[in-house]
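1. Pasting the sequence and the predicted coordinates here, then a few questions.
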Amino acid sequence: MKVSTKIILIVSALVVLLGGVAYLYFGRQPLTSGHELRKIVFQLNWFPEGESAYVYLAQRNGIFAKHGFDTTIQGGRGSEFSARFLAAGKVDVALIGGDALVGAASRGAKIRSIGIVYFGSPVVIYSLKSQGILKLQDLYGKRLGTLPGSNTFLQYEGVAHLVGLDRSRITEIALDASLAENLLLENKIDALMQYTEKAALDTRVRGYEINEIPLKEYGAHIVGMSIAVRTGTFSPAEIDQLRAAIQEGFWRSLEHPDEAFDALRSANPREAFAQNDGTPATTESIKYMKEEMSEFFSMACGDEIHSGCKNFLGYNYHGWEDTIDTMRKFGMLSSNLTADDITIR
C-alpha cells in the first residue's frame, strides 16, 4: 500500500472517530445560548394537574431551553386523544398511556415511546362507600360514568372483554370530565372511572369515603404512562436532549415540590385550580392537588422515592411486551407488534 493511501485511510478514520466523539459529547450536553431553540408543543394526557407539575417547572426554569427547546405546553383530554394528535403532527411530544400508544401503533400510527413515566395501570372504578360496589360484577344494575377518549375507558372495555363482564347489565353514561364528580355526589351516577391518584379529589375534599376497584387486579398489566414522539421527527441527539430536559425537570420537582407546584399554578391560574363547578380553588382543593402530585411521585419512583428516582424515564422491554400481550388479550391489537416497534432507546 502506498504511503499516500495509508495517510488517507488514517485521516478518514480520525474524522469518523472525532465525529463519534463529538456526537457523544455535544449530542448529550445542554446547548449553549448560541444555538437557536427548536419550537415544540408538549401535549399533556389530561388537564394541567399535580401530575404534570414537573413539565411546567422544566418550562418556567429554563430547563427545556437549556436543552435546546422552546416549549409550549397544552392540556389534554385523554391518552387516546393525545395519541391521535401526536400521530397527526398537531403536537411534537405527548404524555400517552402505554395501552393507548400500543393500540394506536398497531393501527399504523408512527409514534414511539422515548421513556416510561411509571409502570402499572393507574385506572380504578370508584364509588361512594355507601354504594357497596367492591368488584366489577357489583356494577350490574348501576350507572357507570365513562370518559370516552381517555384510556380509562379503553382499559374498562378491555377488562370487560377479558373477564366476560356483561356490559348490557350496566348503564354506561358518557360524561364531561369536569362534571363527573359532581354527578357522583348528586347521585346521578353510581360509579366513575379515573386514575387512582386523581380519584375523588373533590369527593375527599368534601369528606366522603370511597371504594376503588383497580383494573390491574383484573388483568390490565400495562405501562401506565410514557413520553412519546412521532417516528423520525427528532434526531438521536435531540431525543437525548429531550429526555435529559424532562428528567431534570422531574428530579428538580421531586427535590423541590413547592417550586413545581408554584410553576403549575402560575401557568394555570384557573384550569388547574378551579373546582368542578368553576368556582375558585379552596385551601382544601389546593391541599389535595399537592397530595395528587405526591402520589404521582410515589407511582413514578416506587422504591426509589428516597434515593433520587434515577431510573425515571427509563426503558423496560418486559413492561412493553406485557402491555402488548394485555392489549392482545383485550382484543384491541390491529396488527402484531414487538417492544422494538414502539420504543426509541
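-> Okay, I see it.
2. so is Ser178 in a helix, a strand, or just coil?
-> Using DSSP: H, G, I helix; E, B strand; the rest coil, the structure places Ser178 in helix.
3. Next one: it from Ile73, what distance?
-> Distance check for Ser178 against Ile73: by CB to CB, to the nearest Å, it reads 19 Å. Heads up, the C-betas are built off the backbone N, CA and C, glycines and all.
4. Arg41 sits in which helix or strand?
-> Slight slip there: residue 41 is Val, not Arg. Assigned by DSSP states H and E, Val41 falls within strand 38-43.
5. all helices of the stretch 1-150 of the chain, in order?
-> Using DSSP state H, counting those that start in this stretch, the helices of the stretch 1-150 of the chain run over residues 3-26, 53-60, 63-66, 79-87, 98-106.
6. neighbours of Val163, just the number please.
-> By other CB atoms under 10 Å, the residues close to Val163 number 11.
7. sorry, that was for Ser253
-> Residues lying near Ser253 (other CB under 10 Å) number 25.
8. Kindly report the same for Ile116.
-> As a burial measure, Ile116 scores 22 neighbours (other CB under 10 Å).
9. Report the contact partners of the closest residue to it other than its chain neighbours.
-> Nearest residue to Ile116, sequence neighbours excluded (CB to CB, 6 or more residues apart in numbering): Ser226, at 5.1 Å. Residues counted as contacts of Ser226 (CB atoms under 8 Å, 6 or more residues apart in numbering) are 95-98, 101, 113-117.
10. hang on, Leu95 packs against Met225?
-> Yes. Between Leu95 and Met225 there is a contact under CB atoms under 8 Å: 6.1 Å.
11. Look at these two and report which has more neighbours.
-> Comparing Leu95 with Met225 by other CB under 10 Å, the one with more neighbours is Met225, at 28 against 22.
12. quick one: the more buried one and Lys310, what's the gap?
-> Separation of Met225 from Lys310 (CB to CB): 18 Å.
13. hang on, the earlier thing: let's see which of the contacts of Ser226 end up in strands.
-> Counting by DSSP state E, the contacts of Ser226 place 95-96, 113-117 in strands.
14. so Ile116 makes contact with Gly314?
-> Yes. Using CB under 8 Å as the test, Ile116 is close enough to Gly314 to be in contact (6.1 Å).
15. Next one, pLDDT for the residue nearest to Ile116 please.
-> If you check Ser226, the pLDDT there is 97.
16. Next: Glu181.
-> Glu181 is given a pLDDT of 84.
17. Where does it fall, secondary structure wise?
-> Going by DSSP H and E, Glu181 is part of helix 180-185.
18. Check which helices and strands that helix sits against.
-> If contacts are counted by 3 or more CB pairs under 8 Å, 6 or more residues apart in numbering; DSSP states H and E, helix 180-185 sits against strand 123-128, strand 143-146, strand 191-195, helix 201-205.
19. of all the ones you listed, which lies closest to Glu292?
-> helix 201-205 (6.5 Å; CB to CB).
20. after that closest one, next one along is what?
-> Heading C-terminal from helix 201-205 (DSSP H and E), you reach strand 210-214.
21. residues making contact with that next one?
-> In contact with strand 210-214 (CB under 8 Å, 6+ apart) are residues 121, 123-129, 131-136, 196, 199-200, 203-204.
22. What strands flank it, and is each parallel or antiparallel?
-> The strands beside strand 210-214 in its sheet (DSSP bridges) come out as strand 123-128 (antiparallel).
23. May I see the ChimeraX selection of the buried members of the contacts of strand 210-214?
-> Remark: buried members of the contacts of strand 210-214, expressed as a ChimeraX selection using 16 or more other CB atoms under 10 Å:
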select :121,123,124,125,126,127,128,131,133,136,196,199,200,203,204
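24. The residue nearest to Lys39 when sequence neighbours are not counted: neighbouring residues, count only.
-> With CB to CB, 6+ apart as the criterion, Lys39 has its nearest non-adjacent residue at 4.7 Å, and that residue is Asp70. Look at Asp70: counted by other CB under 10 Å, it has 12 neighbours.
25. Would you agree Asp70 is in contact with Leu37?
-> Yes. Asp70 lies in contact with Leu37 (CB under 8 Å); the separation is 4.0 Å.
26. what pairs with the closest residue to Ser113 other than its chain neighbours across the strands?
-> In space, and not counting its chain neighbours, Ser113 is closest to Ser226: 4.1 Å by CB to CB, 6+ apart. Under DSSP bridges, the beta-bridge partners of Ser226 are Ile96, Ile116.
27. picking that back up, can you give the strand pairings for the strand holding Val41, parallel or anti for each?
-> In the sheet, strand 38-43 lines up with strand 69-74 (parallel), strand 93-96 (parallel) (DSSP bridges).
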